[in-house]
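Student: Just need the structure, nothing else, for what follows:
(one chain, ligands or ions: 2)
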Amino acid sequence: MGGRDAVLRAEGLSKRFGGLLAVQNVTFTQYAGEILAVIGPNGAGKTTLLNLLSGVYRPTSGRLHLLGQDVTDRSMEARCHAGLGRAFQIVRPFPEMTVHENVTVGALFGKPGGRLPEARERAYALLERTGLAAHADKAAHELTLLQDKRLEVARALATQPQVLLLDEVMAGLRPAEAQEAVGLVRSVRESGVSVLFIEHIMPVVRDLADRVVVMDQGQVLAEGTYREVTAHPQVVAAYLGTEEGLRA
Ligand SMILES: Nc1ncnc2c1ncn2[C@@H]1O[C@H](COP(=O)(O)OP(=O)(O)O)[C@@H](O)[C@H]1O
Ligand SMILES: [Mg+2]
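Tutor: Ligands and ions are numbered 1, 2, ... in the order given. This is a model prediction of the structure:
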């Protein structure tokens, strides 16, 4: 593979919920520095896959390697310490705490033995980077949706990940706001963090992703550049009749 280092390697990951195989034998590799998109119709298994990557769920079968280590049996916290950060689809900061305190929590959680003064400083730097510095002392519940998403990204970055997982962080944003969020994700990558994101807004996928993994009914349907996967007949078929379509 041309000497590129893998940051994430999923090998035959499956997750069963009772009679349903929500994720079925999913294999893919994410390389260092890559922005990788996971797309697919509703119910395709994208969020379940992310939950398998972050450690919310243990797989029914399959293995996961993070930065060369097998982390399949490691907890969410251990994976975070090993370099995996995550922002959630449903934003859930501590609403009564300030924006700065929320990010400080992330900074303390990421590295074991973190000290409060450094964590507060690092949190403030991240607020500047994510455009939230002016809101540092607001209660988290006072933020707008766009600011909430920025806070989620800042909290995840505070754990100093080498790989950042994002689940539909653009959902609900207006096009101009989504464009801003695209800029933020690009700057995250430029800082050396590999990004894996789930997204249903196709222009965002086209603009951001180096490579795209398409899921349908729990399985990987196609993998490649945006142009390659959107030209794939099975991908076109899987998207036919969905509200977004592929031209969105
Ligand atoms: N905790 C769960 N228990 C049972 N079924 C689940 C659970 N989470 C997801 N599912 C089911 O797994 C399938 C994949 O869901 P999900 O991963 O959320 O898809 P996506 O994020 O692509 O929309 C769906 O049929 C969903 O109903
Ligand atoms: Mg989902």
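
Student: So which residues of this protein form helices?
Tutor: 46-54, 76-81, 99-110, 116-129, 145-158, 175-190, 202-208, 226-230, 233-239 (DSSP state H).

Student: Dump those to a markdown table, plus mean pLDDT, mean neighbour count and distance to ligand 2.
Tutor: For the C-beta atoms, the positions are set from N, CA and C on the backbone; glycine is no exception. Output for the helices of the chain, formatted as a markdown table (pLDDT from 0 to 100; neighbours: other Cβ atoms under 10 Å; distance: least, Cβ to the ion, whole Å):
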| stretch | mean pLDDT | mean neighbour count | distance to ligand 2 |
| --- | --- | --- | --- |
| helix 46-54 | 96 | 23 | 3 |
| helix 76-81 | 90 | 17 | 18 |
| helix 99-110 | 88 | 23 | 22 |
| helix 116-129 | 93 | 17 | 26 |
| helix 145-158 | 89 | 24 | 15 |
| helix 175-190 | 90 | 16 | 17 |
| helix 202-208 | 94 | 19 | 14 |
| helix 226-230 | 95 | 17 | 18 |
| helix 233-239 | 86 | 15 | 16 |
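
Student: nearest to residue 25, of the ones you listed?
Tutor: With distances scored as Cβ to Cβ, the stretch of the helices of the chain nearest to residue 25 is helix 46-54 (11.6 Å).

Student: Point out the other helices and strands that the closest one packs with.
Tutor: strand 6-17, strand 20-31, strand 35-39, strand 84-87, strand 163-167, strand 194-198 (3 or more Cβ pairs under 8 Å, 6 or more residues apart in numbering; DSSP states H and E).
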